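# Just a sequence and a predicted model for now, questions to come.
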Amino acid sequence: MNTQIMKLPQAGAAAYEQAADILKKGGLVAFPTETVYGLGGNALDPEASKRIYAAKGRPSDNPLIVHVADVEAVELLAEEVSERAKRLMEAFWPGPLTVILKAGPVVPRETTGGLSTVALRMPDHPVALELIRAAGLPIAAPSANTSGRPSPTRAEHVAEDLDGRIDMILDGGDVGIGVESTIVDLTGEAPVILRPGYITRSMLEAVLGEVMIDPAIVRINEGQLMKSDEPPKAPGMKYRHYAPKAPLTLVQGTDAAVVEKLKDLAADARAQGLRVGVICSDEAQLEPYADVVYHVGNRASRLELAQNIYDILRRCDADRLDVIYADDFGLEHDTELGYAVQNRLMKAAGGRIIREDGDHAG
Ligand code: TXA
Ligand code: MG
């Protein structure tokens with residue numbers, strides 16, 4: 001299959017018409033959202049959902065998020081729209097928040113991975129919204145990466161994974177946030193965060209009152225990997241995610257202690273003949289110690305960290321490293337956007353963490 005790449009805004013209205021046409025015929029179009037690029041198909045067409053799973057190489061029990069361009073569409077897709085759901089949509093849509101509700105009968109089980117619930121979100125990106133409106137359909141869209149690879153934050157990442165496997169890529173430039181939407185399950189007694197993102201627990205609690213965080217996420221952020229015998233609430237949580245090919249170890253501790261430890265680790269690994277990558281802040285000067293140094297941004301800027309992390313994890317693969325060491329950027333104490341980044345970094349590290357207390361005499 002030939003994948004057409006349309007650059008926006010240059011390609012103009014014709015790009016949306018063509019893309020909408022593809023979606024109406026059951027084809028696949030990747031498009032930017034404010035979080036990451038999505039791989040879109042008609043959410044109401046079971047065949048389109050199957051194609052999404054096939055293109056990504058994704059297990060078909062891992063449900064897709066359905067993207068809408070207005071709140072009215074939710075009435076059609078959900079069996080019932082609770083007061084809580086309405087308040088969240090009012091407060092955060094369009095925006096990086098996905099709500100889980102009981103699915104209405106129009107939503108095929110192929111889209112929900114066999115579940116009776118459906119994930120819904122209205123993205124805050126002009127290209128995404130225009131595409132949904134042009135198609136006149138709800139769009140099922142997982143992140144537009146091959147299953148198991150970091151989510152794409154620019155059109156080139158999508159092409160890297162999916163060129164030749166989908167009909168079209170709408171290139172809307174780099175995304176603004178860089179980590180996927182916050183997912184909140186509203187089908188139970190209390191609202192539960194199933195995936196941390198830009199919309200944080202405190203932002204949700206300001207609207208809803210108490211919000212829980214799924215215990216599996218809490219454990220991941222504390223550095224304990226998920227127990228394999230436990231059924232995950234968001235099926236996506238059980239799959240290996242975001243892990244670069246080379247083993248990545250996270251180093252936690254005070255700024256100065258972490259930088260010193262990164263130097264030691266990198267130098268030791270190099271002495272063993274390994275090709276070493278280090279992920280650190282712009283401030284850290286680690287070039288003399290590693291083969292490749294990835295500067296993620298200012299140590300205090302959580303948004304820069306979020307925007308760059310997936311791109312860097314992808315570059316780690318392209319740079320053919322043997323081993324990777326990463327600063328934890330003090331994220332272990334962060335309850336806001338940093339909490340979401342920590343979640344992704346911990347998964348990338350797969351449990352490899354070193355705690356550096358910084359009390360060594362030097
Ligand atoms: O920011 C985002 O949400 C991006 C952009 C493209 O919108 N999309 C995205 O989709 O990250 P995906 O498929 O990569 O991740 C969706 C996650 C998966 O972990 C999936 O298991 C979970 O949402 N999910 C979807 N439907 C669900 C449901 N009914 N119940 C629980 N979890 C669900
Ligand atoms: Mg994904």
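Arrived safely. Given the structure is predicted, the values throughout are model-derived calculations rather than measurements. Ligands and ions are numbered 1, 2, ... in the order given.

# Minimum distance to ligand 1, which residue of the stretch 251-362 of the chain gives it?
Nearest residue of the stretch 251-362 of the chain to ligand 1: Ala340, at 10.6 Å (CB to the nearest ligand atom). Any C-beta I mention is one placed from the backbone N, CA and C, and that applies to glycine too.

# Tally up the residues packed near that residue, please.
Ala340: 31 surrounding residues under other CB atoms under 10 Å.

# Does it touch Ser181 like I think?
No: using CB atoms under 8 Å, Ala340 is not in contact with Ser181; the gap is 9.6 Å.

# what sits in contact with each of those two?
Residues touching both Ala340 and Ser181 (CB atoms under 8 Å, 6 or more residues apart in numbering) are 197-198.

# chain center to stretch 131-149: distance?
Relative to the centre of its chain, stretch 131-149 is centred 13 Å away, using CA atoms, centre = their mean, to the nearest Å.

# Repeat that for stretch 99-112.
21 Å.

# Make sure Arg133 is indeed in a helix.
Yes: Arg133 sits within a helix when classified using DSSP: H, G, I helix; E, B strand; the rest coil.

# re the thing from before, would you tell me what the next helix or strand after the helix or strand harbouring the residue of the stretch 251-362 of the chain closest to ligand 1 is?
Here Ala340 sits within helix 337-349, counting by DSSP states H and E. Downstream of helix 337-349, the next assigned helix or strand under DSSP H and E is strand 353-356.

# Which residue is the nearest non-sequential neighbour of the residue of the stretch 251-362 of the chain closest to ligand 1?
Nearest residue to Ala340, sequence neighbours excluded (CB to CB, 6 or more residues apart in numbering): Pro196, at 4.1 Å.

# what's the neighbour count on that neighbour?
29.

# Can you give me every residue that contacts it?
By CB under 8 Å, 6+ apart, the neighbours of Pro196 are 182, 213, 217, 221, 339-340, 343.

# For these, work out which two are farthest apart.
Spatial extent of these (CB to CB) is set by the pair Thr182 and Asn221 at 14.1 Å.

# out of these two, which sits in the more crowded spot?
More neighbours surround Thr182 than the other of Thr182 and Asn221, with 26 against 22 (other CB under 10 Å).

# my read: that one touches Pro191, true?
No: taking contacts as CB under 8 Å, Thr182 lies outside contact range of Pro191: 11.0 Å.

# Grab the nearest non-local neighbour of Asp255.
Arg299 (6.5 Å).

# mind checking the SS state of the closest residue to Val292 other than its chain neighbours?
The spatially closest residue to Val292, leaving aside those adjacent along the chain, is Gly277, at 4.5 Å (CB to CB, 6+ apart). Three-state call for Gly277 (three-state DSSP): strand.

# so Gly277 makes contact with Cys316?
Yes: counting by CB under 8 Å, Cys316 is a contact partner of Gly277 at 5.5 Å.

# shared neighbours, these two?
By CB under 8 Å, 6+ apart, the residues touching both Gly277 and Cys316 are 246, 292, 294, 324.

# So the last one sits against Leu250, correct?
No: using CB under 8 Å, Ile324 is not in contact with Leu250, being 9.7 Å away.

# returning to what we had before: any common contacting residues for Thr182 and Pro191?
Joint contacts of Thr182 and Pro191 (CB under 8 Å, 6+ apart) are Leu204.

# From Asp161, how far off is the residue nearest the centre of the chain?
Most central in the chain under CA atoms, centre = their mean is Glu180, positioned 3.2 Å from the mean C-alpha point. To Asp161, Glu180 is 15 Å away according to CB to CB, to the nearest Å.

# again with Gln252
31 Å.

# Okay, and the beta partners of the nearest residue to Val107 once chain neighbours are set aside?
The spatially closest residue to Val107, leaving aside those adjacent along the chain, is Val118, at 5.1 Å (CB to CB, 6+ apart). Per DSSP bridges, the residues bridged to Val118 are Leu101.

# who touches Val118 in this structure?
63, 66, 77-78, 100-104, 107, 111-112.

# Quick one: name the residues of the stretch 1-150 of the chain near ligand 1.
By CB under 6 Å from any ligand atom, the residues of the stretch 1-150 of the chain that approach ligand 1 are 33, 35-36, 38, 62-65, 98, 100, 112, 115, 117-119, 121, 123, 141-143.

# Inside strands: which ones of those?
Filtering these for membership in strands, criterion DSSP state E, returns 38, 65, 98, 100, 117-119, 121.
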